[in-house]
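>>> One predicted model, sequence on top.
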Amino acid sequence: MNNLIEGYLGETVDRKKSRVPAKMDYVQSATGLILGLFMWGHMLFVSTILISKDFMYRVTKFFEADFLFDGGKPIIVSLIAMVIFIIFIVHAALGMRKLPGNFKQYQVMKAHAEHMNHEDTKLWFIQAFTGFAMFFLGSVHLYIIMTHSEAIGPYASADRVWSEYMWPLYILLLLAVEFHGTIGLYRLCVKWGWFDGENPKATRVKLKKIKKALTWFFLILGFTTLLAYMKIGMEHADKVGEKYVPTACMEYKISVKGVA
Ligand code: HEM
Ligand code: HEM
(Lines give C-alpha, C1' and ligand atoms only; values in the text may rest on other atoms or scores of the structure.)
(Ligands and ions follow the chains in the order given, each with its own letter.)
Protein backbone atom coordinates (compact mmCIF):
# COMPACT_ATOMS: atom_id res chain seq x y z
CA MET A 1 0.00 0.00 0.00
CA ASN A 2 2.84 2.36 0.94
CA ASN A 3 4.39 1.72 -2.52
CA LEU A 4 1.10 2.62 -4.18
CA ILE A 5 0.73 5.88 -2.24
CA GLU A 6 4.37 6.84 -2.82
CA GLY A 7 3.98 5.92 -6.50
CA TYR A 8 1.18 8.47 -6.91
CA LEU A 9 2.19 11.17 -4.43
CA GLY A 10 6.00 10.91 -4.35
CA GLU A 11 6.07 10.25 -0.56
CA THR A 12 4.72 7.69 1.92
CA VAL A 13 1.87 8.31 4.43
CA ASP A 14 4.45 9.25 7.06
CA ARG A 15 5.90 11.74 4.52
CA LYS A 16 9.10 9.78 3.87
CA LYS A 17 10.75 9.61 0.48
CA SER A 18 12.31 6.53 -1.04
CA ARG A 19 16.01 5.95 -0.47
CA VAL A 20 16.32 4.08 -3.74
CA PRO A 21 17.70 7.09 -5.75
CA ALA A 22 20.48 7.58 -3.18
CA LYS A 23 21.33 3.87 -3.35
CA MET A 24 21.35 4.04 -7.15
CA ASP A 25 23.81 6.95 -7.03
CA TYR A 26 26.01 4.95 -4.71
CA VAL A 27 25.98 1.90 -7.01
CA GLN A 28 26.67 4.11 -10.03
CA SER A 29 29.71 5.59 -8.30
CA ALA A 30 30.94 2.15 -7.20
CA THR A 31 30.56 0.61 -10.67
CA GLY A 32 32.16 3.73 -12.23
CA LEU A 33 35.11 3.41 -9.85
CA ILE A 34 35.59 -0.29 -10.66
CA LEU A 35 35.40 0.38 -14.42
CA GLY A 36 37.68 3.43 -14.20
CA LEU A 37 40.39 1.55 -12.30
CA PHE A 38 39.95 -1.55 -14.47
CA MET A 39 40.58 0.59 -17.56
CA TRP A 40 43.96 1.76 -16.23
CA GLY A 41 45.04 -1.88 -15.86
CA HIS A 42 43.48 -2.74 -19.24
CA MET A 43 45.38 -0.01 -21.10
CA LEU A 44 48.68 -1.06 -19.51
CA PHE A 45 48.04 -4.72 -20.39
CA VAL A 46 47.10 -3.99 -24.01
CA SER A 47 50.12 -1.66 -24.40
CA THR A 48 52.61 -4.46 -23.57
CA ILE A 49 52.76 -4.92 -27.37
CA LEU A 50 54.95 -1.77 -27.36
CA ILE A 51 57.61 -3.67 -25.37
CA SER A 52 57.57 -6.77 -27.57
CA LYS A 53 55.29 -9.38 -29.14
CA ASP A 54 56.75 -12.00 -26.79
CA PHE A 55 55.92 -9.91 -23.73
CA MET A 56 52.33 -9.32 -24.84
CA TYR A 57 52.03 -13.08 -25.51
CA ARG A 58 53.33 -13.92 -22.01
CA VAL A 59 50.91 -11.48 -20.34
CA THR A 60 47.98 -12.94 -22.34
CA LYS A 61 48.95 -16.47 -21.25
CA PHE A 62 49.22 -15.26 -17.65
CA PHE A 63 45.56 -14.11 -17.76
CA GLU A 64 44.67 -17.54 -19.16
CA ALA A 65 46.37 -18.96 -16.02
CA ASP A 66 48.95 -21.02 -17.92
CA PHE A 67 50.80 -21.37 -14.59
CA LEU A 68 47.91 -23.66 -13.50
CA PHE A 69 46.70 -25.18 -16.77
CA ASP A 70 49.06 -26.34 -19.49
CA GLY A 71 48.75 -23.89 -22.44
CA GLY A 72 46.23 -21.69 -20.54
CA LYS A 73 42.43 -21.58 -20.54
CA PRO A 74 40.91 -18.68 -22.55
CA ILE A 75 37.53 -19.33 -20.87
CA ILE A 76 38.98 -17.54 -17.80
CA VAL A 77 39.32 -14.36 -19.90
CA SER A 78 35.74 -14.87 -21.17
CA LEU A 79 34.51 -15.05 -17.59
CA ILE A 80 36.42 -11.89 -16.59
CA ALA A 81 34.98 -10.12 -19.67
CA MET A 82 31.49 -11.31 -18.69
CA VAL A 83 31.83 -9.88 -15.17
CA ILE A 84 33.11 -6.56 -16.60
CA PHE A 85 30.24 -6.58 -19.12
CA ILE A 86 27.68 -7.02 -16.30
CA ILE A 87 29.24 -4.15 -14.30
CA PHE A 88 29.26 -2.06 -17.51
CA ILE A 89 25.53 -2.76 -18.11
CA VAL A 90 24.56 -1.94 -14.49
CA HIS A 91 26.58 1.31 -14.68
CA ALA A 92 25.09 2.25 -18.06
CA ALA A 93 21.54 1.49 -16.89
CA LEU A 94 22.03 3.78 -13.88
CA GLY A 95 23.76 6.38 -16.09
CA MET A 96 20.66 6.54 -18.31
CA ARG A 97 18.77 8.26 -15.47
CA LYS A 98 21.03 11.28 -15.86
CA LEU A 99 20.75 11.71 -19.62
CA PRO A 100 18.20 14.25 -20.88
CA GLY A 101 15.09 12.31 -21.97
CA ASN A 102 13.64 14.80 -24.46
CA PHE A 103 14.51 18.04 -26.23
CA LYS A 104 12.97 20.24 -23.51
CA GLN A 105 15.15 18.65 -20.80
CA TYR A 106 18.23 19.02 -23.03
CA GLN A 107 17.37 22.68 -23.66
CA VAL A 108 17.00 23.38 -19.93
CA MET A 109 20.32 21.64 -19.12
CA LYS A 110 22.16 23.47 -21.91
CA ALA A 111 20.76 26.87 -20.90
CA HIS A 112 21.70 26.14 -17.27
CA ALA A 113 25.26 25.11 -18.23
CA GLU A 114 25.75 28.20 -20.41
CA HIS A 115 24.35 30.47 -17.72
CA MET A 116 26.52 28.95 -14.97
CA ASN A 117 29.60 28.99 -17.24
CA HIS A 118 31.23 26.57 -14.81
CA GLU A 119 33.83 24.13 -16.14
CA ASP A 120 32.60 21.19 -14.08
CA THR A 121 29.08 21.57 -15.50
CA LYS A 122 30.56 21.46 -19.01
CA LEU A 123 32.50 18.34 -18.06
CA TRP A 124 29.18 16.73 -17.23
CA PHE A 125 28.04 17.21 -20.85
CA ILE A 126 31.17 15.46 -22.13
CA GLN A 127 30.45 12.60 -19.74
CA ALA A 128 26.86 12.23 -20.89
CA PHE A 129 27.88 12.28 -24.58
CA THR A 130 30.79 9.83 -24.20
CA GLY A 131 28.64 7.57 -21.99
CA PHE A 132 25.97 7.46 -24.69
CA ALA A 133 28.57 6.60 -27.36
CA MET A 134 29.86 3.73 -25.24
CA PHE A 135 26.45 2.02 -25.20
CA PHE A 136 27.30 0.95 -28.74
CA LEU A 137 31.09 1.04 -28.96
CA GLY A 138 31.79 -0.68 -25.63
CA SER A 139 29.15 -3.39 -26.14
CA VAL A 140 30.59 -4.43 -29.52
CA HIS A 141 34.12 -4.75 -28.10
CA LEU A 142 33.08 -6.57 -24.93
CA TYR A 143 30.90 -9.06 -26.78
CA ILE A 144 33.62 -9.89 -29.31
CA ILE A 145 36.29 -10.30 -26.61
CA MET A 146 33.95 -12.41 -24.48
CA THR A 147 33.11 -14.81 -27.30
CA HIS A 148 36.59 -14.88 -28.94
CA SER A 149 38.89 -14.88 -25.93
CA GLU A 150 41.08 -17.56 -27.56
CA ALA A 151 41.91 -14.98 -30.27
CA ILE A 152 43.90 -12.60 -28.08
CA GLY A 153 47.63 -12.33 -28.77
CA PRO A 154 50.19 -10.39 -30.82
CA TYR A 155 48.92 -11.68 -34.20
CA ALA A 156 45.28 -12.48 -33.34
CA SER A 157 44.70 -9.02 -31.80
CA ALA A 158 46.55 -7.25 -34.63
CA ASP A 159 44.49 -9.18 -37.23
CA ARG A 160 41.28 -8.16 -35.46
CA VAL A 161 42.38 -4.51 -35.32
CA TRP A 162 43.49 -4.34 -38.97
CA SER A 163 42.00 -7.13 -41.10
CA GLU A 164 38.72 -7.30 -39.18
CA TYR A 165 38.34 -3.50 -39.26
CA MET A 166 38.19 -2.87 -35.54
CA TRP A 167 40.54 0.13 -35.69
CA PRO A 168 37.87 2.76 -36.52
CA LEU A 169 35.77 1.53 -33.59
CA TYR A 170 38.82 1.52 -31.28
CA ILE A 171 39.68 5.14 -32.22
CA LEU A 172 36.21 6.27 -31.11
CA LEU A 173 36.06 3.97 -28.08
CA LEU A 174 39.51 5.08 -26.93
CA LEU A 175 38.51 8.75 -27.08
CA ALA A 176 35.19 8.07 -25.34
CA VAL A 177 36.54 5.89 -22.55
CA GLU A 178 39.56 8.06 -21.76
CA PHE A 179 37.56 11.28 -21.45
CA HIS A 180 34.65 9.59 -19.68
CA GLY A 181 36.86 7.61 -17.28
CA THR A 182 39.16 10.40 -16.14
CA ILE A 183 36.37 12.97 -15.87
CA GLY A 184 34.36 10.34 -13.95
CA LEU A 185 37.18 9.61 -11.49
CA TYR A 186 37.72 13.36 -10.98
CA ARG A 187 33.99 13.85 -10.33
CA LEU A 188 34.01 10.95 -7.88
CA CYS A 189 36.79 12.61 -5.85
CA VAL A 190 34.88 15.92 -5.82
CA LYS A 191 31.47 14.35 -5.17
CA TRP A 192 32.52 12.20 -2.22
CA GLY A 193 35.19 14.66 -0.98
CA TRP A 194 37.90 11.95 -0.92
CA PHE A 195 40.94 14.22 -0.94
CA ASP A 196 39.28 17.46 0.26
CA GLY A 197 41.73 18.05 3.17
CA GLU A 198 41.94 21.51 4.72
CA ASN A 199 41.29 23.42 1.54
CA PRO A 200 38.86 21.71 -0.89
CA LYS A 201 39.20 24.55 -3.44
CA ALA A 202 42.97 24.10 -3.74
CA THR A 203 42.48 20.31 -3.89
CA ARG A 204 40.07 20.73 -6.79
CA VAL A 205 42.67 22.70 -8.76
CA LYS A 206 45.24 19.96 -8.10
CA LEU A 207 42.79 17.21 -9.02
CA LYS A 208 42.04 18.97 -12.31
CA LYS A 209 45.75 19.02 -13.16
CA ILE A 210 46.05 15.30 -12.36
CA LYS A 211 42.97 14.59 -14.46
CA LYS A 212 44.46 16.46 -17.42
CA ALA A 213 47.82 14.67 -17.10
CA LEU A 214 46.14 11.25 -16.87
CA THR A 215 43.92 11.95 -19.90
CA TRP A 216 46.97 12.89 -21.99
CA PHE A 217 49.00 9.96 -20.71
CA PHE A 218 46.34 7.35 -21.53
CA LEU A 219 45.41 8.94 -24.86
CA ILE A 220 49.04 8.99 -26.05
CA LEU A 221 49.65 5.46 -24.74
CA GLY A 222 46.38 4.23 -26.28
CA PHE A 223 46.97 5.71 -29.73
CA THR A 224 50.60 4.55 -29.83
CA THR A 225 49.40 1.05 -28.91
CA LEU A 226 46.68 1.14 -31.56
CA LEU A 227 49.24 2.19 -34.20
CA ALA A 228 51.47 -0.73 -33.15
CA TYR A 229 48.60 -3.23 -33.61
CA MET A 230 47.67 -1.65 -36.96
CA LYS A 231 51.27 -1.94 -38.21
CA ILE A 232 51.59 -5.60 -37.14
CA GLY A 233 48.12 -6.28 -38.62
CA MET A 234 49.10 -4.74 -41.96
CA GLU A 235 52.29 -6.79 -42.16
CA HIS A 236 50.35 -9.93 -41.19
CA ALA A 237 47.40 -9.31 -43.53
CA ASP A 238 48.23 -12.21 -45.85
CA LYS A 239 48.52 -14.68 -42.95
CA VAL A 240 45.33 -13.87 -41.02
CA GLY A 241 44.51 -16.60 -38.51
CA GLU A 242 48.13 -17.71 -38.01
CA LYS A 243 48.91 -17.99 -34.27
CA TYR A 244 51.92 -16.29 -32.76
CA VAL A 245 54.76 -18.61 -31.71
CA PRO A 246 56.96 -17.08 -29.00
CA THR A 247 60.66 -16.71 -29.85
CA ALA A 248 61.86 -19.37 -27.36
CA CYS A 249 59.53 -22.02 -28.91
CA MET A 250 60.54 -20.98 -32.42
CA GLU A 251 64.25 -21.36 -31.59
CA TYR A 252 63.51 -24.79 -30.05
CA LYS A 253 61.61 -25.88 -33.17
CA ILE A 254 64.47 -24.78 -35.43
CA SER A 255 67.23 -26.42 -33.35
CA VAL A 256 65.43 -29.71 -32.52
CA LYS A 257 63.16 -30.32 -35.49
CA GLY A 258 64.93 -28.22 -38.08
CA VAL A 259 61.70 -26.38 -39.01
CA ALA A 260 60.84 -22.72 -38.73
C1 HEM B 1 27.38 2.60 -21.86
C2 HEM B 1 28.36 2.96 -21.09
C3 HEM B 1 28.31 4.06 -20.07
C4 HEM B 1 27.32 5.01 -19.80
C5 HEM B 1 25.98 5.23 -20.48
C6 HEM B 1 27.83 5.83 -18.71
C7 HEM B 1 27.17 6.92 -18.17
C8 HEM B 1 27.61 7.67 -17.13
C9 HEM B 1 26.98 8.89 -16.63
C10 HEM B 1 25.76 9.57 -17.24
C11 HEM B 1 27.71 9.30 -15.58
C12 HEM B 1 27.44 10.58 -14.74
C13 HEM B 1 26.81 10.24 -13.44
C14 HEM B 1 26.59 11.48 -12.59
O15 HEM B 1 26.85 12.59 -13.02
O16 HEM B 1 26.16 11.30 -11.44
C17 HEM B 1 28.78 8.35 -15.38
C18 HEM B 1 29.72 8.42 -14.39
C19 HEM B 1 30.88 7.68 -14.36
N20 HEM B 1 31.31 6.74 -15.28
FE21 HEM B 1 30.19 6.04 -16.79
N22 HEM B 1 29.07 5.36 -18.33
C23 HEM B 1 29.39 4.28 -19.15
C24 HEM B 1 30.57 3.55 -19.13
C25 HEM B 1 31.64 3.80 -18.31
C26 HEM B 1 32.94 3.15 -18.43
C27 HEM B 1 33.36 2.10 -19.48
C28 HEM B 1 33.71 3.67 -17.44
C29 HEM B 1 35.17 3.35 -17.19
C30 HEM B 1 36.11 4.09 -17.60
C31 HEM B 1 32.91 4.62 -16.68
C32 HEM B 1 33.33 5.36 -15.58
C33 HEM B 1 32.57 6.28 -14.90
C34 HEM B 1 32.95 6.94 -13.68
C35 HEM B 1 34.25 6.74 -12.92
C36 HEM B 1 31.88 7.81 -13.32
C37 HEM B 1 31.75 8.72 -12.09
C38 HEM B 1 30.69 8.11 -11.20
C39 HEM B 1 29.84 9.11 -10.48
O40 HEM B 1 29.86 10.32 -10.80
O41 HEM B 1 29.11 8.68 -9.57
N42 HEM B 1 31.66 4.68 -17.25
N43 HEM B 1 28.72 7.38 -16.34
C1 HEM C 1 37.68 -8.02 -19.42
C2 HEM C 1 37.33 -7.15 -20.33
C3 HEM C 1 38.20 -6.75 -21.49
C4 HEM C 1 39.18 -7.45 -22.14
C5 HEM C 1 39.67 -8.87 -21.85
C6 HEM C 1 39.71 -6.58 -23.19
C7 HEM C 1 40.73 -6.94 -24.06
C8 HEM C 1 41.25 -6.14 -25.06
C9 HEM C 1 42.28 -6.54 -25.99
C10 HEM C 1 42.95 -7.91 -26.02
C11 HEM C 1 42.53 -5.49 -26.80
C12 HEM C 1 43.57 -5.43 -27.95
C13 HEM C 1 42.90 -5.41 -29.30
C14 HEM C 1 42.13 -6.68 -29.60
O15 HEM C 1 42.57 -7.79 -29.26
O16 HEM C 1 41.05 -6.56 -30.21
C17 HEM C 1 41.67 -4.39 -26.36
C18 HEM C 1 41.65 -3.13 -26.90
C19 HEM C 1 40.86 -2.11 -26.47
N20 HEM C 1 39.88 -2.16 -25.50
FE21 HEM C 1 39.45 -3.75 -24.33
N22 HEM C 1 39.05 -5.38 -23.15
C23 HEM C 1 38.12 -5.42 -22.12
C24 HEM C 1 37.26 -4.42 -21.73
C25 HEM C 1 37.24 -3.16 -22.29
C26 HEM C 1 36.32 -2.09 -21.88
C27 HEM C 1 35.27 -2.22 -20.77
C28 HEM C 1 36.60 -1.03 -22.67
C29 HEM C 1 35.95 0.33 -22.66
C30 HEM C 1 34.66 0.50 -22.55
C31 HEM C 1 37.69 -1.40 -23.56
C32 HEM C 1 38.28 -0.56 -24.51
C33 HEM C 1 39.30 -0.92 -25.36
C34 HEM C 1 39.95 -0.01 -26.28
C35 HEM C 1 39.64 1.49 -26.45
C36 HEM C 1 40.92 -0.74 -26.99
C37 HEM C 1 41.94 -0.21 -28.01
C38 HEM C 1 43.18 -0.01 -27.15
C39 HEM C 1 44.25 0.84 -27.68
O40 HEM C 1 44.19 1.25 -28.80
O41 HEM C 1 45.18 1.12 -26.87
N42 HEM C 1 38.03 -2.69 -23.30
N43 HEM C 1 40.89 -4.83 -25.31
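Arrived safely. Ligands and ions are numbered 1, 2, ... in the order given.

>>> When you work out contacts or count neighbours from here on, use the C-alpha atoms and nothing else.
Noted.

>>> How much space separates Thr31 from His91?
Distance, Thr31 to His91, using CA to CA, to the nearest Å: 6 Å.

>>> go on, Phe63?
Per CA to CA, Phe63 is found 25 Å from His91.

>>> Also Gly241?
Computed as CA to CA, the Gly241 to His91 distance reads 35 Å.

>>> Same question for Ile75.
When Ile75 is compared with His91 (using CA to CA), they lie 24 Å apart.

>>> Touching, Thr203 and Cys189? I think so.
No. With contacts counted by CA atoms under 8 Å, Thr203 stays clear of Cys189, the gap being 9.8 Å.

>>> Need the residues touching each of the two.
Residues touching both Thr203 and Cys189 (CA atoms under 8 Å, 6 or more residues apart in numbering): Phe195.

>>> Those two: which has the busier surroundings?
Shown here are Thr203 and Cys189; by other CA atoms under 10 Å, Thr203 has more neighbours (18 against 15).

>>> Not counting sequence-adjacent ones, nearest residue to that one?
The shortest distance from Thr203 to any non-neighbouring residue, by CA to CA, 6 or more residues apart in numbering, is to Asp196 (6.0 Å).

>>> For the residue of the stretch 1-150 of the chain found nearest ligand 2, give its distance to Ile145.
Using CA to the nearest ligand atom, the closest approach of the stretch 1-150 of the chain to ligand 2 is made by Ala81 at 3.4 Å. Going from Ala81 to Ile145 by CA to CA gives 7 Å.

>>> Kindly report the same for Tyr106.
On the measure of CA to CA, Tyr106 and Ile145 end up 35 Å apart.

>>> In terms of neighbours, single out the busier of those two.
A direct count of neighbours by other CA under 10 Å for Tyr106 and Ile145 places Ile145 higher, at 18 against 13.
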